[in-house]
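Novice: starting from these lines, generate the structure:
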Amino acid sequence: MILLVCIALIGFLAVTWPQFFFPALGLLWLASAVWDIRNRYRTIKTLGQQYDQIEAGESATFVGLYRPHWEIGHIQIALTKRWLGFIPSFESWSPYFIAEFPVNFDTLENDSNFLIKFVGTPTDRGQYGHMGSMCREIRIAEFLDVEPIPKNAA
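Specialist: Residues are numbered from 1 along each chain as shown. I've put the predicted structure just below:
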C-alpha cells in the first residue's frame with residue numbers, strides 16, 4: 001500500500017512540476033554515481049592489489065574481497081583497467097572451495113566480509129554462479145591469509 005502511494009506521488013510530481021522533478025532526478029542519479037565511484041576507490045584501497053591480466057587455467061596467488069552470502073557469495077577482484085580512464089573496474093568470481101575456509105561462519109555477524117589472500121585457478125570468462133552473474137569461477141586450493149572486515153569498510 002505504501003509503495004503504491006509513493007509511486008502515485010512520484011507520478012503526480014513528474015506530471016505537475018516536471019521543471020523541478022526531472023532536474024532533481026538527475027541530481028539524485030549524479031549523487032549515486034559519485035557515491036559508487038567513492039566506494040570503488042575505497043575497495044581498491046582495502047584490497048591493495050590490482051590485476052592486469054588473468055590467465056585462465058593457471059594457478060596463481062590472488063587478493064580479493066570475499067562477500068559470503070547464502071545464494072550469491074562471490075569474490076571481488078580489482079583490475080588495473082579503468083572505465084573512462086578513472087573509474088575502477090572489478091570482476092566478480094564464483095568461489096569453489098577445494099581448501100576449507102578457515103573461519104567459522106556461525107560465529108560471525110551477518111554483514112562480515114573477508115579480505116582473503118589465496119592460491120587458486122580461475123576459469124575462462126563466462127557465466128558462473130547464481131543465474132550466471134559472475135564472470136569466472138575460481139577453484140581455491142589454499143588460503144594464505146583471511147581477515148574479517150566490517151561491511152562498511154569496503
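Novice: can you list the residues that contact the strand or helix carrying Val15?
Specialist: Element membership for Val15, per DSSP states H and E: helix 2-16. The contact list for helix 2-16 (Cβ atoms under 8 Å, 6 or more residues apart in numbering) reads Phe20, Phe21, Phe22. Backbone N, C-alpha and C define where each C-beta goes, glycine included.
Novice: separation between the last one and Gln53?
Specialist: It refers to Phe22. Using Cβ to Cβ, to the nearest Å, Phe22 is found at 43 Å from Gln53.
Novice: which of those two has more neighbours?
Specialist: A direct count of neighbours by other Cβ atoms under 10 Å for Phe22 and Gln53 places Phe22 higher, at 12 against 7.
Novice: just the buried residues of the longest strand along the chain, please?
Specialist: Ranked by residue count and defined by DSSP state E, the top strand of the chain is strand 136-150. Buried residues in strand 136-150, counted by 16 or more other Cβ atoms under 10 Å: Arg136, Glu137, Ile138, Ile140, Phe143.
Novice: closest one of these to Thr121?
Specialist: Ile138 (7.1 Å; Cβ to Cβ).
Novice: got the contact list for that closest one?
Specialist: Contacts of Ile138 by Cβ under 8 Å, 6+ apart are Phe62, Ile75, Trp93, Ser94, Pro95, Tyr96, Gly120, Thr121, Pro122, Thr123.
Novice: and it, what's its pLDDT?
Specialist: As predicted, Ile138 sits at a pLDDT of 94.
Novice: SS state for Arg40?
Specialist: helix (DSSP: H, G, I helix; E, B strand; the rest coil).
Novice: that one against Ile87, yeah?
Specialist: Yes: taking Cβ atoms under 8 Å as the definition, Arg40 is a contact partner of Ile87 at 6.7 Å.
Novice: and those two? Which one has more around it.
Specialist: Arg40 (17 against 12).
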